[in-house]
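Peer 1: Task: produce atomic coordinates for the following.
(2 chains)
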There are 2 protein chains.
Amino acid sequence: MRDESSLFVAEGNKLVLELLESDFQIKHIVALPCWLSGKQFPIGIELIETDLPGMKKISSLTTPTEVLAVVEMPKLNLDFSDISQQLALVLDDIRDPGNLGTIIRLADWFGIENIICSIETVDVFNPKVVQATMGAILRVKLHYMDLAAFIEDISKQNKIPVYGTYMDGTSIYKEKLTQPALLVMGNEGKGISPELKKYISKTISIPTYAKSSGSESLNVAVATGIVLSEFKRQEPNSAIRQPNDN
Amino acid sequence: MRDESSLFVAEGNKLVLELLESDFQIKHIVALPCWLSGKQFPIGIELIETDLPGMKKISSLTTPTEVLAVVEMPKLNLDFSDISQQLALVLDDIRDPGNLGTIIRLADWFGIENIICSIETVDVFNPKVVQATMGAILRVKLHYMDLAAFIEDISKQNKIPVYGTYMDGTSIYKEKLTQPALLVMGNEGKGISPELKKYISKTISIPTYAKSSGSESLNVAVATGIVLSEFKRQEPNSAIRQPNDN
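Peer 2: Model prediction:
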């Protein structure tokens, strides 16, 4: 269980401005004077002014930005009846922060609200993950738990298909991808763990057109993007929103 | 123009073994004694034995591997009549080595033989790119040149569609994606440069299903994967090879 009073760090102008507009509770903002000046802040946020060397000292980025915020981790409730009516992502030991961040950004793009992560998956509040999500962390909910127990629990509520991406599954272009469903993506090197295999009801794969057998796999974030896109393309009456429709 | 006698470094057991099987000219192999022992090498490769601290000193990786090879950069010819009969990727200033490496791996997966890069695109022989390609660098040809001149030249040979991925193009799920074609992907922050815009004959986009307007873009490598996958899905009589068909 995550400590309820835990904090995480979010860096950069865009992300901090988005946090200020969100329901997240910001505890401290550390920033250069030029960033703070002229802005109004809600009561309860401690503002700390510093200079560039100061930012450099506390930043986790190679090029520190003008502002960072220290934020309370949200308390999330996993609503099983919600999940059993949606397409949800299940991540089995994604270890690379960049990959997790990119997957969260993808989930946000494709309207996925919940990601269920194995305990061994890299922490969503790892600073590198927070940066890689480009703000999507504010909109997608991540839940860390034992995946086998989770899939068993959800099956009791509603028997939804559990798709697993393998090297030798049915082509995603041929398989009818139905929702609600769980889509399981495996670890970068090892794929989906053997313990989870028995819960997978449909094994799918991205066809390769490679001319030699050397290309063994796709990056897991890229593979997630391709499969999610195909799920959405096949969605009946999908309410496609063009990015500029706002 | 790249210097014809230039060399690049490739690290790791799998990559060096693949290089030894390829047409690439290896000049030196630097390795731990345990890696060298029992192996046969072609004449002309200088073998240099070292220890772990030695590997650490010359490696560009945080965790050095047991072997690295110093390899001649290949001399590539861009065959315009080839390109005008295929789907080729055009990269307009991709700057992140990880992104370029992932795109090369994707190209290999989807049977794309040629990638045309703007001069400002990160060097394919940057060690981080070489590592991120996971060997795909041996199979996909990258050509660096002025993109506007390239597209003008190829248009003289054969008028093929030039697809450009934008935020407000036609949905890739609705657009008929035909081949041969050029697929232009833009820079991470700025997208496709204004100078190239006039050469784009079809603007396409990946639809978003996001519930808020905060999600502004997808990672360029992920976007490339989604668009290439959709090109391949729409391909008539496509010779789909399952990854395990070898």
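
Peer 1: From now on I want contacts and neighbour counts done on CA atoms only, so please keep to that.
Peer 2: Will do.

Peer 1: can you tell me which residues contact A:Leu183?
Peer 2: A:Leu87, A:Ala88, A:Leu89, A:Val90, A:Val162, A:Tyr163, A:Gly164, A:Thr165 (C-alpha atoms under 8 Å, 6 or more residues apart in numbering or on different chains).

Peer 1: Let's see that with 10 Å instead.
Peer 2: Contacts for A:Leu183 (C-alpha atoms under 10 Å, 6 or more residues apart in numbering or on different chains) come out as A:87-91, A:115-116, A:161-165, A:200, A:202, A:204, A:224, A:227-228, A:231.

Peer 1: what residue ranges in chain A are flagged as low confidence?
Peer 2: Low-confidence segments of chain A, defined by pLDDT under 70: A:1-5, A:213-216, A:237-246.

Peer 1: need the longest helix for it.
Peer 2: helix A:220-234 (DSSP state H).

Peer 1: Out of the contacts of A:Leu183, which are close to chain B?
Peer 2: Contacts with chain B within the contacts of A:Leu183, as defined by C-alpha under 10 Å from any C-alpha of the partner chain: A:Thr224, A:Val227, A:Leu228.

Peer 1: How many neighbouring residues does the first one have?
Peer 2: A:Thr224 is surrounded by 26 other residues when neighbours are defined as other C-alpha atoms under 10 Å in any protein chain shown.

Peer 1: wait, what's in contact with the residue nearest the centre of chain A?
Peer 2: In chain A, the centroid-proximal residue (C-alpha atoms, centre = their mean) is A:Ile104; its distance is 2.4 Å. With contact set as C-alpha under 10 Å, 6+ apart, A:Ile104 has these partners: A:89, A:98, A:110, A:112-115, A:124, A:129-130, A:132-142, A:221.

Peer 1: Between the two ends of stretch A:83-93, how far is it?
Peer 2: One end of stretch A:83-93 to the other measures 20 Å (C-alpha to C-alpha, to the nearest Å).

Peer 1: Would you mark the buried spots in it?
Peer 2: Neighbour counts over stretch A:83-93 (16 or more other C-alpha atoms under 10 Å in any protein chain shown) mark A:Ile83, A:Ser84, A:Gln86, A:Leu87, A:Ala88, A:Leu89, A:Val90, A:Leu91, A:Asp92, A:Asp93 as buried.

Peer 1: Kindly report the same for stretch A:161-175.
Peer 2: A:Pro161, A:Val162, A:Tyr163, A:Gly164, A:Thr165, A:Tyr166, A:Met167, A:Gly169, A:Thr170, A:Ser171, A:Ile172, A:Tyr173.

Peer 1: farthest-separated two in the residues you listed?
Peer 2: Greatest spatial distance among the buried residues of stretch A:161-175 (C-alpha to C-alpha): A:Pro161 and A:Met167, at 18.8 Å.

Peer 1: Now the phi/psi pair for A:Thr121, please.
Peer 2: Main-chain dihedrals, A:Thr121, degrees, to the nearest 10: phi -70, psi 140.

Peer 1: How about it: what's its closest non-neighbour residue?
Peer 2: A:Asp93 (4.2 Å; C-alpha to C-alpha, 6 or more residues apart in numbering or on different chains).

Peer 1: check contacts around that neighbour.
Peer 2: Counting by C-alpha under 10 Å, 6+ apart, A:Asp93 has contacts A:117-122, A:185-193.

Peer 1: now A:Thr178
Peer 2: A:Leu87, A:Ile160, A:Pro161, A:Tyr163, A:Phe231, A:Lys232, A:Gln234, A:Glu235, A:Pro236.

Peer 1: A:Leu91 now?
Peer 2: A:100, A:103, A:115-121, A:142, A:144, A:147, A:183-187, A:192.

Peer 1: and the residues you listed, which are buried?
Peer 2: A:100, A:103, A:115-119, A:121, A:142, A:144, A:147, A:183-187, A:192.

Peer 1: mind checking how far the nearest residue to A:Asp92 once chain neighbours are set aside is from A:Ala149?
Peer 2: Nearest residue to A:Asp92, sequence neighbours excluded (C-alpha to C-alpha, 6+ apart): A:Gly186, at 4.9 Å. Here A:Gly186 is placed at a distance of 17 Å from A:Ala149 (C-alpha to C-alpha).

Peer 1: what distance separates the longest strand belonging to chain A from the centre of its chain?
Peer 2: Counting by DSSP state E, the longest strand found in chain A is strand A:162-171. In terms of C-alpha atoms, centre = their mean, to the nearest Å, the centre of strand A:162-171 is set 21 Å apart from its chain centre.

Peer 1: Next up, the contacts around A:Glu188.
Peer 2: Applying C-alpha under 10 Å, 6+ apart to A:Glu188 gives the contacts A:Asp92, A:Asp93, A:Ile94, A:Arg95, A:Asp96, A:Asn99, A:Ser217, A:Leu218, A:Asn219, A:Val220, A:Ala221.

Peer 1: And the fourth one, which helix or strand is it part of?
Peer 2: Here A:Arg95, judged by DSSP states H and E, is contained in no helix and no strand.

Peer 1: Adding distance to B:Gly38, write the buried residues of stretch A:161-175 out as JSON lines.
Peer 2: As requested, the buried residues of stretch A:161-175 are exported to JSON lines (distance: C-alpha to C-alpha, whole Å):
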{"residue": "A:Pro161", "distance to B:Gly38": "50"}
{"residue": "A:Val162", "distance to B:Gly38": "47"}
{"residue": "A:Tyr163", "distance to B:Gly38": "44"}
{"residue": "A:Gly164", "distance to B:Gly38": "40"}
{"residue": "A:Thr165", "distance to B:Gly38": "38"}
{"residue": "A:Tyr166", "distance to B:Gly38": "35"}
{"residue": "A:Met167", "distance to B:Gly38": "33"}
{"residue": "A:Gly169", "distance to B:Gly38": "38"}
{"residue": "A:Thr170", "distance to B:Gly38": "41"}
{"residue": "A:Ser171", "distance to B:Gly38": "41"}
{"residue": "A:Ile172", "distance to B:Gly38": "43"}
{"residue": "A:Tyr173", "distance to B:Gly38": "45"}
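
Peer 1: Could you point out the member of those that lies closest to A:Lys75?
Peer 2: Nearest member of those to A:Lys75, counting by C-alpha to C-alpha, is A:Val162, at 26.6 Å.

Peer 1: Would you agree A:Leu182 falls within a helix?
Peer 2: No - according to DSSP: H, G, I helix; E, B strand; the rest coil, A:Leu182 belongs to no helix; its state is strand.

Peer 1: Assess the claim that it and A:Thr165 are in contact.
Peer 2: No - in this structure A:Leu182 lies outside contact range of A:Thr165 using C-alpha atoms under 10 Å: 11.2 Å.
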